[in-house]
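Colleague: Model the structure of this input:
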Amino acid sequence: MDKQIYLCLAHMSKAGLEQKYVKEAFDTNWVVPLGPNVNAFEEDLKQFTGGTHEVVALSAGTAAVHLALIACGVGPGDEVLVQSFTFCASSHPITYLGAKPVFVGSEPETWNMDPVLLEEAIKDRIAKIGKKPKAIVPVALYGMPYDCKRIMEIADRYDIPVVEDAAEGFGSKFDGRILGTFGKFGVLSFNGNKMITTSGGGALVCQSVEDKNTVMWYATQARDAYPYYQHTAIGYNYRMSNICAGIGRGQMTVVQEHIDHHKHVQALYEELLKEVRGVHIHRQPADSCYDSNYWLCTATLDANVRVQGQENAYKEVIKTAVGGAAGVIKAVESATTDCQPNDNVEALRVFMAANRIETRPVWKPMHKQPVYADAVVYTNGVEEEIFKVGFCLPAGPWVTDEDVKYIVEKIKEAIL
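Modeller: Next up, the predicted model:
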């Protein structure tokens, strides 16, 4: 295999509409964080999510989480219940506001927030600190829907707003309804590796025009309506550029094509890996309510399976940039930590990389991150066990059927 196979790379429309809309932005000098492309992209997103919600285009999904929490009234000393098994952008914005993340573990079926643990956490926090959490943040891990029905029932019972982190779940559905439209707010992401891209960017789905106006105000430095600059709150520079929105407009013409492709790749992995010893592809629950976009295909590797090069796992300290943090290096002194994937999972990653295939471990649970060492957590250990055995496989629009067959053959070759 001559080419490098990546997990998920941006893929432009065949019609070149992204370039058309970006050129229009330059031709008309709309190169600022507002303009025709921003307005049109927001309308496209509104229609894609069902036509009944308002949408604000922003500079990043992380910004969307931040603004949603502000609009929910989160402030210093408050607690927010957030899924532990996730990327750090789900929890970091909580700390921006001086609030505290309280992590909730996962259920084994979806790998997402466990509703039983969620309700246990709510009751316990009320008993221990005398007030309920300010918000709940479930996450569509790798595109897999969370149990929207049970989570929303619990949230409604305790009158706690839900901020859906659907950054990885753009186009995923629960009971026929798009993720991001169940809670008070829904977070979307359009990073370069997501289902669609705007180069960098995100959006916030809002339940009402009033919520949208509040978010817009905070996203544009919270300027009051005077002919001079006056501010009665701290605001942020979080609006999406009209240039980036032009890319988004073009991408919206191929979003269903991208989703269909990811589902096709998932089905192919399921077929080709079913007889591979010790490898188990993660599937959505049999319940027809679940409809994952399969942003990334994920699998687990049994701990007792031996892999080529396993004896050398974690022997070398990484001294180069890793993953998406190209060019960003923070030196570490040890090749190991007290919570890491099993040796055979690391050996498989190294073996696949040597064959020009990008794989990577699943997200390390946030409550196991050093930065959150003192955080409160409610867990049954599911996400910790999945982290030890889980890994991600390429699924993006550039991944062909032949690529998938090659990937599976290399997995077979790696296993001793």
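
Colleague: From here on, just use CA atoms for contacts and neighbour counts.
Modeller: Fine.

Colleague: For the residue most central in space within the chain, which residues are in contact?
Modeller: Centroid-nearest residue in the chain, with CA atoms, centre = their mean: Glu168, separated by 3.5 Å. Taking CA atoms under 8 Å, 6 or more residues apart in numbering, we find Glu168 in contact with Ala140, Leu141, Tyr142, Gly143, Leu188, Ser189, Lys194, Met195, Trp295.

Colleague: what do you get for Ile407?
Modeller: When contacts are counted by CA under 8 Å, 6+ apart, Ile407 touches Ile357.

Colleague: now it, what's its secondary structure?
Modeller: Secondary structure, DSSP: H, G, I helix; E, B strand; the rest coil: Ile407 is helix.

Colleague: returning to what we had before: could you tell me the per-residue confidence at the residue nearest to the centre of the chain?
Modeller: Looking at Glu168, its pLDDT is 99.

Colleague: Next: Thr181.
Modeller: pLDDT, read off for Thr181, is 99.

Colleague: and the protein, what are its domains?
Modeller: 17-254, 256-414 (automatic domain parsing).

Colleague: Pick the most buried one from those.
Modeller: Ranked by mean neighbour count, the domains of the chain are led by domain 17-254 with a mean of 21 (mean count of other CA atoms under 10 Å).

Colleague: if I read this right, Thr359 contacts Met352, doesn't it?
Modeller: Yes. With contacts counted by CA atoms under 8 Å, Thr359 reaches Met352, the gap being 7.0 Å.

Colleague: Distance check, Ala373 against Pro133.
Modeller: As judged by CA to CA, to the nearest Å, Ala373 and Pro133 stand 20 Å apart.

Colleague: Oops, could you answer that again for Gly201 instead?
Modeller: 28 Å.

Colleague: any chance you could map the helices in the stretch 301-416 of the chain?
Modeller: 343-354, 382-389, 401-414 (DSSP state H, counting those that start in this stretch).

Colleague: try the chain
Modeller: With DSSP state H, the ranges of helices along the chain come out as 17-27, 36-48, 61-71, 92-96, 115-129, 148-158, 209-219, 242-251, 255-273, 343-354, 382-389, 401-414.

Colleague: Looking at these, which is nearest to Tyr290?
Modeller: Evaluated over the helices of the chain, closeness to Tyr290 peaks at helix 148-158, with 9.6 Å, by CA to CA.

Colleague: what helices or strands is that closest one leaning on?
Modeller: Using 3 or more CA pairs under 8 Å, 6 or more residues apart in numbering; DSSP states H and E as the contact test, the elements touching helix 148-158 are helix 115-129.
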